[in-house]
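K.L.:
sharing a model that was predicted from the sequence below.
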Amino acid sequence: MSGEKLITEQWVKGVQYRFTQDKDGQIKITKTKDLMDFFKEGWHGKVEANRPSFSRPMPCRRDEKGNTKYQSVKVLFSKIDEELNELKESVFGYHGAQIKLANMAEHESRLIDSAEREMIAEEAADTITAITTLLESLGIDEEMRLQAQERVNFKNGQRGRL
(Lines give C-alpha, C1' and ligand atoms only; values in the text may rest on other atoms or scores of the structure.)
Protein backbone atom coordinates (compact mmCIF):
# COMPACT_ATOMS: atom_id res chain seq x y z
CA MET A 1 0.00 0.00 0.00
CA SER A 2 2.99 2.29 -0.53
CA GLY A 3 1.89 5.84 -1.34
CA GLU A 4 -1.77 4.89 -0.98
CA LYS A 5 -4.15 6.43 1.53
CA LEU A 6 -6.67 4.11 3.16
CA ILE A 7 -10.19 5.49 2.72
CA THR A 8 -12.20 2.70 4.36
CA GLU A 9 -12.67 -1.05 4.70
CA GLN A 10 -16.14 -2.49 4.32
CA TRP A 11 -17.84 -5.88 4.41
CA VAL A 12 -20.16 -6.59 1.50
CA LYS A 13 -21.95 -9.95 1.34
CA GLY A 14 -19.30 -11.79 3.33
CA VAL A 15 -16.26 -10.23 1.64
CA GLN A 16 -14.08 -7.43 3.01
CA TYR A 17 -12.96 -4.75 0.57
CA ARG A 18 -10.27 -2.10 1.12
CA PHE A 19 -10.77 1.27 -0.58
CA THR A 20 -7.55 3.24 -1.11
CA GLN A 21 -6.55 6.34 -3.03
CA ASP A 22 -3.17 6.85 -4.66
CA LYS A 23 -1.24 10.15 -4.94
CA ASP A 24 -2.91 10.86 -8.31
CA GLY A 25 -6.39 10.58 -6.76
CA GLN A 26 -7.21 7.21 -8.32
CA ILE A 27 -9.37 5.01 -6.10
CA LYS A 28 -8.46 1.34 -5.87
CA ILE A 29 -10.75 -1.37 -4.48
CA THR A 30 -9.10 -4.56 -3.27
CA LYS A 31 -10.69 -7.71 -1.87
CA THR A 32 -8.86 -8.32 1.40
CA LYS A 33 -10.71 -11.02 3.29
CA ASP A 34 -13.50 -13.49 3.03
CA LEU A 35 -15.66 -14.77 5.88
CA MET A 36 -14.17 -18.21 5.30
CA ASP A 37 -10.78 -16.78 6.32
CA PHE A 38 -12.13 -16.18 9.82
CA PHE A 39 -13.46 -19.70 10.13
CA LYS A 40 -10.17 -21.16 8.86
CA GLU A 41 -8.22 -18.96 11.31
CA GLY A 42 -10.55 -19.94 14.10
CA TRP A 43 -13.03 -17.62 15.69
CA HIS A 44 -13.01 -17.53 19.47
CA GLY A 45 -16.46 -16.17 20.24
CA LYS A 46 -15.54 -12.53 20.73
CA VAL A 47 -16.15 -9.51 18.56
CA GLU A 48 -12.95 -7.85 17.46
CA ALA A 49 -12.31 -4.64 15.58
CA ASN A 50 -12.73 -4.92 11.82
CA ARG A 51 -14.39 -8.32 11.93
CA PRO A 52 -17.91 -9.00 10.77
CA SER A 53 -20.61 -9.33 13.42
CA PHE A 54 -21.32 -12.99 14.06
CA SER A 55 -24.38 -12.09 16.12
CA ARG A 56 -26.54 -11.20 13.11
CA PRO A 57 -28.06 -13.90 10.91
CA MET A 58 -25.82 -14.68 7.93
CA PRO A 59 -27.15 -16.45 4.86
CA CYS A 60 -25.43 -19.71 3.93
CA ARG A 61 -23.76 -19.15 0.58
CA ARG A 62 -21.40 -22.13 0.43
CA ASP A 63 -21.53 -25.86 0.82
CA GLU A 64 -19.35 -27.87 3.22
CA LYS A 65 -16.47 -27.89 0.68
CA GLY A 66 -16.44 -24.09 0.40
CA ASN A 67 -18.07 -24.02 -3.03
CA THR A 68 -20.61 -21.31 -3.73
CA LYS A 69 -24.02 -22.87 -3.70
CA TYR A 70 -27.17 -21.86 -5.47
CA GLN A 71 -30.27 -23.65 -4.30
CA SER A 72 -33.81 -23.60 -5.56
CA VAL A 73 -36.52 -21.95 -3.48
CA LYS A 74 -38.05 -25.41 -3.01
CA VAL A 75 -34.81 -26.73 -1.48
CA LEU A 76 -34.53 -23.66 0.74
CA PHE A 77 -38.10 -24.13 2.02
CA SER A 78 -37.26 -27.77 2.77
CA LYS A 79 -34.32 -26.57 4.87
CA ILE A 80 -36.60 -24.13 6.72
CA ASP A 81 -39.06 -26.97 7.40
CA GLU A 82 -36.21 -29.19 8.67
CA GLU A 83 -34.91 -26.50 11.02
CA LEU A 84 -38.41 -25.58 12.21
CA ASN A 85 -39.12 -29.23 13.03
CA GLU A 86 -35.89 -29.43 15.03
CA LEU A 87 -36.93 -26.28 16.91
CA LYS A 88 -40.36 -27.77 17.68
CA GLU A 89 -38.75 -30.98 18.95
CA SER A 90 -36.46 -28.96 21.22
CA VAL A 91 -39.32 -26.87 22.61
CA PHE A 92 -41.66 -29.83 23.15
CA GLY A 93 -38.79 -31.84 24.64
CA TYR A 94 -38.11 -28.91 26.98
CA HIS A 95 -41.70 -28.88 28.21
CA GLY A 96 -41.57 -32.64 28.78
CA ALA A 97 -38.32 -32.19 30.69
CA GLN A 98 -39.99 -29.63 32.96
CA ILE A 99 -42.06 -32.41 34.51
CA LYS A 100 -38.89 -34.43 35.19
CA LEU A 101 -37.14 -31.35 36.58
CA ALA A 102 -39.77 -30.98 39.29
CA ASN A 103 -38.47 -34.21 40.85
CA MET A 104 -34.75 -33.23 40.78
CA ALA A 105 -32.64 -31.32 43.25
CA GLU A 106 -32.57 -27.58 42.53
CA HIS A 107 -28.91 -27.44 41.42
CA GLU A 108 -29.40 -30.37 39.01
CA SER A 109 -32.53 -28.87 37.49
CA ARG A 110 -30.84 -25.50 36.91
CA LEU A 111 -28.04 -27.14 34.91
CA ILE A 112 -30.40 -29.15 32.73
CA ASP A 113 -32.79 -26.22 32.36
CA SER A 114 -29.96 -23.99 31.14
CA ALA A 115 -28.67 -26.61 28.67
CA GLU A 116 -32.17 -27.17 27.29
CA ARG A 117 -32.75 -23.46 26.79
CA GLU A 118 -29.37 -23.13 25.08
CA MET A 119 -30.34 -25.89 22.66
CA ILE A 120 -33.68 -24.20 21.93
CA ALA A 121 -31.89 -20.90 21.27
CA GLU A 122 -29.48 -22.60 18.87
CA GLU A 123 -32.29 -24.37 17.01
CA ALA A 124 -34.13 -21.04 16.72
CA ALA A 125 -30.95 -19.44 15.34
CA ASP A 126 -30.63 -22.29 12.78
CA THR A 127 -34.23 -21.60 11.69
CA ILE A 128 -33.57 -17.86 11.40
CA THR A 129 -30.44 -18.58 9.34
CA ALA A 130 -32.41 -20.84 6.96
CA ILE A 131 -35.02 -18.09 6.49
CA THR A 132 -32.26 -15.49 6.00
CA THR A 133 -30.71 -17.70 3.30
CA LEU A 134 -34.07 -17.90 1.49
CA LEU A 135 -34.58 -14.13 1.68
CA GLU A 136 -31.06 -13.45 0.41
CA SER A 137 -31.64 -15.81 -2.54
CA LEU A 138 -34.70 -13.68 -3.41
CA GLY A 139 -32.57 -10.53 -3.47
CA ILE A 140 -33.62 -9.32 -0.01
CA ASP A 141 -30.35 -8.18 1.56
CA GLU A 142 -29.56 -7.38 5.19
CA GLU A 143 -30.52 -3.71 4.85
CA MET A 144 -33.96 -4.62 3.47
CA ARG A 145 -34.43 -7.23 6.23
CA LEU A 146 -33.52 -4.68 8.93
CA GLN A 147 -35.90 -2.10 7.47
CA ALA A 148 -38.70 -4.68 7.31
CA GLN A 149 -38.01 -5.69 10.93
CA GLU A 150 -38.17 -2.05 12.02
CA ARG A 151 -41.57 -1.67 10.30
CA VAL A 152 -42.88 -4.85 11.92
CA ASN A 153 -41.63 -3.78 15.36
CA PHE A 154 -43.20 -0.33 14.90
CA LYS A 155 -46.56 -1.82 13.87
CA ASN A 156 -46.46 -4.27 16.79
CA GLY A 157 -45.66 -1.40 19.12
CA GLN A 158 -48.62 0.58 17.82
CA ARG A 159 -50.83 -2.43 18.42
CA GLY A 160 -49.61 -2.69 22.01
CA ARG A 161 -47.87 -6.02 21.46
CA LEU A 162 -44.38 -4.99 22.59
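P.N.:
Nice, I can see it.

K.L.:
contact partners for Phe134?
P.N.:
Wrong residue type there; residue 134 is Leu, not Phe. By CB atoms under 8 Å, 6 or more residues apart in numbering, the contact list for Leu134 reads 73, 76-77, 79-80. Every C-beta, even on glycine, is put in place using the N, C-alpha and C of the backbone.

K.L.:
pick the one among those residues closest to Arg18.
P.N.:
Leu76 (32.3 Å; CB to CB).

K.L.:
re the thing from before, neighbour count and pLDDT added to the contacts of Leu134, as CSV?
P.N.:
Below are the contacts of Leu134 laid out as CSV (neighbours: other CB atoms under 10 Å; pLDDT from 0 to 100):
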residue, neighbour count, pLDDT
Val73, 10, 90
Leu76, 20, 91
Phe77, 14, 95
Lys79, 18, 92
Ile80, 17, 95
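
K.L.:
and those, which is closest to Lys28?
P.N.:
Nearest to Lys28 among the contacts of Leu134, with distances taken as CB to CB, is Leu76, at 36.5 Å.
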